[in-house]
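Asker: What would the 3D arrangement of this be:
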Amino acid sequence: MSTATAKQISFYNSLIAKCAETGAFDQTVLSTALAEFPARTVSDASAAIERAKRNLKVAEVKQANAMQAPASDALLQTGTYTVETETGHRTFKVITQKADADFAPGETIIQFLSGSDNESDYTGFAFVKPGLRLQVWKRFASSTSLLAAAAVLTANPEAALKSATCRRCNRKLTVPVSVHNGLGPECAKKG
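Answerer: Reported below is the predicted structural model:
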């Protein structure tokens with residue numbers, strides 16, 4: 001068996017350097033392989049290079065999968081939330097579009113309560129991206145009070161009031177006092 005050529009050694013060294021840069025391999029294993037390399041034969045070097053390529057591809061796939069799958073704590077669950085701010089409260093609904101939707105299939109959208117019907121009067125204003133980052137639509141980019149309230153929700157979703165329903169009439173509650181009491185204002189008057 002012949003010893004490795006200068007070209008093979010150069011390729012192997014560059015592969016090891018790339019692996020070291022990306023953190024794809026354990027540094028101890030790399031150092032050991034590099035120290036042993038000059039004594040290896042061409043066939044040993046070729047086998048080592050193929051193993052290194054496979055390991056690098058596996059590491060790259062794992063890294064790509066980790067980037068695509070956000071941590072569960074970095075997601076805003078679908079539902080209706082009410083946040084309290086210095087100027088009052090704001091109610092938001094978080095939905096995920098169906099995969100076959102005409103508009104933004106599969107995207108998570110945040111909407112704000114824009115009318116008096118707590119069930120259906122919601123207007124979308126942003127996409128919710130991984131890490132609870134909002135991608136605000138141009139039309140709403142200057143809506144400072146809306147965006148400030150949404151920032152309260154995305155900064156700490158656990159602190160927001162998850163909407164409940166009235167114990168008496170089963171309507172959706174969005175006003176903080178009503179959510180805490182479990183009764184809407186009309187049902188609370190009835191006693």
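
Asker: bridging residues for F92?
Answerer: Assessed by DSSP bridges, F92 has beta-bridge partners Y81, F112.

Asker: Isn't it up against Q111?
Answerer: Yes - applying Cβ atoms under 8 Å as the test, F92 and Q111 come out as touching, 6.5 Å apart. Yep, even glycine has a C-beta here, placed from its N, CA and C like the rest.

Asker: So which of the two has more stuff around it?
Answerer: More neighbours surround F92 than the other of F92 and Q111, with 26 against 17 (other Cβ atoms under 10 Å).

Asker: Check which residues of stretch 97-108 are buried.
Answerer: 97, 108 (16 or more other Cβ atoms under 10 Å).

Asker: now swap in stretch 150-167 and tell me
Answerer: 150, 152-154, 157, 160-161, 163-164, 166.

Asker: now do stretch 172-189
Answerer: By neighbour count with 16+ other Cβ under 10 Å, stretch 172-189 contains the buried residues 172-175, 178-179, 181, 183-184, 187.

Asker: Over to stretch 107-118?
Answerer: For stretch 107-118, the buried set under the neighbour-count rule, 16+ other Cβ under 10 Å, comprises 108-113, 118.

Asker: Please produce CSV containing the residues you listed, extended by pLDDT and distance to S143.
Answerer: Below are the buried residues of stretch 107-118 laid out as CSV (pLDDT from 0 to 100; distance: Cβ to Cβ, whole Å):
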residue, pLDDT, distance to S143
T108, 94, 19
I109, 95, 16
I110, 96, 12
Q111, 96, 13
F112, 96, 9
L113, 94, 14
N118, 89, 20
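
Asker: Closest one of those to T87?
Answerer: Here the nearest of the buried residues of stretch 107-118 to T87, counting by Cβ to Cβ, is F112; it sits at 14.0 Å.

Asker: Farthest pair within the buried residues of stretch 150-167?
Answerer: Across those (Cβ to Cβ), the longest gap, 27.4 Å, separates T154 and C166.

Asker: Many thanks, I have nothing further to ask.
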